[in-house]
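**Q** need a 3D model of the sequence below.
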Amino acid sequence: MGASRDLDFSEYFAARVQRFRRVAFAFSGDWHAAEDLVQAMFVQLYRRWRRVRPDTVDAYARRILLNLFLARRRVSVREYVTASPPDQESPPGRDTPARLDVERALAGLTPRQRAMVVLRFLEDLPVAEVASLLGVAEGTVKSQTARGVEALRFSMSGER
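**A** Okay, the predicted model is just below:
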């Protein structure tokens, strides 16, 4: 039974890890923090794997990821001064000007507002599901998402 459990989990991990990395990055704005969040999420998910129903596993994993993100008060970004730049380039497409603008704009939102915008528009979840995940009223999701989108538009327009 244990081998089947591990095989099922391995298949799920392989099929979903990239998706959850993308969501975690959208939440945190930092690839290293996103990797940490996803790793912690999969560890917690594995511990509960036998109890999770197959039809709800994505929602359960998303809930774990969201809770981990919101539990982190501030992820400090450390910058190190070096005599020369790193030898490696950024992966292609990661640091395009438009993407960097979106990342900066998302960083200006509160963590809960950012989570709402990411869940609504990147994950394409309905308002009711986002409200349930965050434990708030649907009206709160609608108003905070609208404010978040407006803040993103303002930030992206170049107005200060």
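
**Q** name the residues of stretch 132-152 that are buried.
**A** Neighbour counts over stretch 132-152 (16 or more other Cβ atoms under 10 Å) mark Leu133, Leu134, Thr140, Val141, Gln144, Thr145, Gly148, Val149, Ala151, Leu152 as buried. (C-beta placed from N, C-alpha, C; glycine too.)

**Q** likewise stretch 55-74?
**A** Buried, per 16+ other Cβ under 10 Å, within stretch 55-74: Val57, Tyr60, Ala61, Arg62, Ile64, Leu65, Leu66, Leu68, Phe69.

**Q** name the helix or strand for the first one, please.
**A** Translated: Val57. Using DSSP states H and E, Val57 falls within helix 57-71.

**Q** check the residue nearest the centre of the chain and give its pLDDT.
**A** Closest residue to the average C-alpha location of the chain: Ala24 at 2.4 Å, with Cα atoms, centre = their mean. What the model reports as pLDDT for Ala24 is 94.

**Q** my read: it touches Phe69, true?
**A** Yes. Counting by Cβ atoms under 8 Å, Ala24 touches Phe69, with 7.1 Å between them.

**Q** buried set for the helix or strand hosting Val43?
**A** Val43 is part of helix 31-47, with elements assigned from DSSP H and E. Using 16+ other Cβ under 10 Å as the test for burial, helix 31-47 gives Ala33, Ala34, Asp36, Leu37, Val38, Ala40, Met41, Phe42, Gln44, Leu45, Tyr46.

**Q** low-confidence stretches in the chain?
**A** For the chain, the stretches with pLDDT under 70 are 1-2, 73-101, 158-160.

**Q** remind me, longest helix of it?
**A** helix 2-28 (DSSP state H).

**Q** got the buried residues for that one?
**A** Residues Phe9, Tyr12, Arg16, Phe20, Arg21, Val23, Ala24, Phe25, Ala26, Phe27, Ser28 are the ones in helix 2-28 that count as buried (16+ other Cβ under 10 Å).

**Q** from Ala61, how far out is the third one?
**A** Think Arg16. 7 Å (Cβ to Cβ, to the nearest Å).

**Q** overlap in contacts of these two?
**A** Residues touching both Arg16 and Ala61 (Cβ atoms under 8 Å, 6 or more residues apart in numbering): there are none.

**Q** list the contacts of Val118.
**A** Val23, Ala26, Phe27, Leu106.

**Q** the second one: what's it in contact with?
**A** By that I understand Ala26. Applying Cβ under 8 Å, 6+ apart, one finds that Ala26 lies in contact with Leu106, Arg114, Val118, Leu122.
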